[in-house]
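Peer 1: build the 3D model from these lines:
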Amino acid sequence: MPTPSGGAAARRRAEPQPRVDLELELPLGGAAPFDLAAAVCSHGLFMMAPNRWDPATRALVRPLRLASDRSASLLARVSAHPARPDSALLVSVRGAGDLSSLDQYYILEQVRRMLRLSEEDGAAVAEFQAMHPSAREAGFGRVFRSPTLFEDMVKCILLCNCQWTRTLSMATALCELQSELKRSSSIDDFQTRTPPIREHKRKRSKRQSVRVKLETRFAEDKLEDPRLASGSSNDLTHSETNEILSSLPSVASETGSACDSLDPSELRLSNAPHLEDCIGDFPTPEELVNLDEDFLAKHCNLGYRAKRIVMLVRSIVEGKVCLQKLEEMRKMSVPAAEEVSTIPSPYERLNKELSTISGFGPFTRANVLMCMGFFHTIPADTETIRHLKQIHKRASTISSVHEELDKLYGKYAPFQFLAYWFELWGFYDKQFGKIREMEPSNYRLFTASHLKNTRKEKKPLEESSGG
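Peer 2: Residues are numbered from 1 along each chain as shown. Just a heads-up that it's a prediction; the model follows:
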């Protein structure tokens with residue numbers, strides 16, 4: 001199916017769009033008043049496609065799936081309820097004149113998951129904020145995640161061993177692929193008309209070769225310690241932030257993210273785009289299962305991650321991995337502080353279950369389990385080592401980083417990750433400017449190199465990026 005022309009798309013946008021407005025009640029409890037911006041702009045996952053945060057209207061927009069037809073998506077806008085901003089959210093679903101009660105429930109459940117709005121989540125936030133007055137004052141405690149566990153799992157794979165710009169680019173490419181698949185009559189037709197992307201090999205300098213050896217050694221050392229990551233990256237600054245590696249040129253290939261080219265005016269939700277005008281929804285396992293690994297790697301620049309994603313997708317579709325079972329094993333429970341030393345059985349079972357999935361090393365598993373609601377383990381990487389040295393003056397190593405983390409954040413058990421992330425995210429907020437006020441085109445600047453430039457030049461983010 002051909003892509004609509006610019007004129008046709010413009011005419012369609014000018015036409016009134018059918019819309020269904022849903023109200024989502026906010027949980028009451030001992031936590032600080034709910035703040036949508038604080039809940040969304042709390043983790044790098046919110047920057048990854050197809051999520052789009054509009055700082056001007058303080059609203060989140062993205063496609064969400066229907067319960068009646070999981071292959072169908074509708075564009076949803078989540079904002080504070082204009083009449084009851086303190087007690088409810090308004091979820092405006094565009095492109096549908098009517099929604100069944102089942103579809104309405106499923107859409108609201110996806111929003112609840114993203115913003116962690118269950119009673120159990122609220123209780124955990126209240127407990128953590130009682131330990132951490134600064135977090136309560138800032139309204140911090142809900143860490144953004146995806147509407148589905150599958151999307152979280154794939155995005156945690158995308159966080160490994162690459163720079164943040166490429167992570168953003170890979171997420172965008174997967175959403176663009178979903179849109180292309182939706183318009184294609186068959187997988188074979190899609191693959192036939194899509195030329196393979198040529199891979200360009202770059203010559204390595206002597207310094208780059210040294211960097212590769214260091215990165216390889218880092219990964220090998222971490223495999224010896226089950227608490228350490230299998231990937232050497234963090235959600236925002238990744239492996240180039242290590243003290244030794246930061247002085248060497250980056251080997252990871254960087255690609256411009258399609259998010260970078262978005263006109264900020266396209267995010268103004270008063271004129272929300274039709275779903276067809278968006279880059280697409282995040283693909284489901286069923287949409288990816290018939291794709292060839294090499295094709296997926298080249299088309300979305302996934303590299304070795306394509307194999308991990310394909311194996312995960314096939315395991316899910318074939319029934320070897322049951323996402324519903326994993327969610328049920330979690331039981332929405334948070335371990336009590338006195339149980340952390342023995343590790344709660346739900347965490348143990350889930351960690352073991354995830355370890356059987358190819359490519360899910362300690363770092364990826366720790367991030368997935370954090371998304372599932374376990375906050376007593378901190379996914380540690382070279383950015384963690386940088387943070388401990390720069391902020392706490394602790395010269396951690398690969399083998400000692402968890403010992404240092406226990407000393408610093410153990411008093412917040414079972415919420416060590418939340419205490420660590422509140423501190424780290426606050427550091428980014430000061431270095432780059434208010435994250436919740438950034439335009440999406442600036443998300444690519446969340447790298448160690450730009451962080452250094454920010455400290456040195458002390459210029460506003462927009463000036464340093466030329467924006």
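
Peer 1: burial count for Glu286?
Peer 2: Other residues within reach of Glu286, judged by other Cβ atoms under 10 Å, total 12. Yep, even glycine has a C-beta here, placed from its N, CA and C like the rest.

Peer 1: leaving out the residues flanking it, which one is nearest to it?
Peer 2: Leaving aside its sequence neighbours, Glu286 sits nearest to Val317 (Cβ to Cβ, 6 or more residues apart in numbering; 6.4 Å).

Peer 1: is Ile378 in contact with Gln416, as I believe?
Peer 2: Yes - here Ile378 lies in contact with Gln416, judged by Cβ atoms under 8 Å, at a distance of 5.7 Å.

Peer 1: joint contacts of the two?
Peer 2: Counting by Cβ atoms under 8 Å, 6 or more residues apart in numbering, the contacts common to Ile378 and Gln416 are Leu405, Tyr409.

Peer 1: give the contact list for the residue nearest to Glu286.
Peer 2: Pro285, Glu286, Val289.

Peer 1: so which of those belong to helices?
Peer 2: Pro285, Glu286 (DSSP state H).

Peer 1: pLDDT and distance to Leu369 for the contacts of Val317 - can I get that in JSON lines?
Peer 2: Putting the contacts of Val317 into JSON lines (pLDDT from 0 to 100; distance: Cβ to Cβ, whole Å) gives the following:
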{"residue": "Pro285", "pLDDT": "98", "distance to Leu369": "20"}
{"residue": "Glu286", "pLDDT": "97", "distance to Leu369": "25"}
{"residue": "Val289", "pLDDT": "97", "distance to Leu369": "25"}
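
Peer 1: can you check what pLDDT the model gives Asn382?
Peer 2: Small correction: residue 382 is Thr, not Asn. Model confidence at Thr382, given as pLDDT, is 83.

Peer 1: ok, it to Asn161 distance?
Peer 2: Using Cβ to Cβ, to the nearest Å, one obtains 11 Å as the distance from Thr382 to Asn161.

Peer 1: the strands in the chain, which residues?
Peer 2: Listed in chain order, the strands found in the chain under DSSP state E are 19-25, 52-54, 59-65, 73-80, 88-94.

Peer 1: let me have those strands in CSV, adding mean pLDDT as columns.
Peer 2: Shown next, in CSV, are those (pLDDT from 0 to 100):
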stretch, mean pLDDT
strand 19-25, 97
strand 52-54, 97
strand 59-65, 98
strand 73-80, 98
strand 88-94, 97
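
Peer 1: nearest to Glu120, out of the ones you listed?
Peer 2: strand 19-25 (15.8 Å; Cβ to Cβ).

Peer 1: list the buried ones in that closest one?
Peer 2: Val20, Leu22, Leu24 (16 or more other Cβ atoms under 10 Å).

Peer 1: settle this for me: the first one is touching Ala96, isn't it.
Peer 2: Okay, so that is Val20. Yes - assessed by Cβ under 8 Å, Val20 is found in contact with Ala96 at 5.6 Å.
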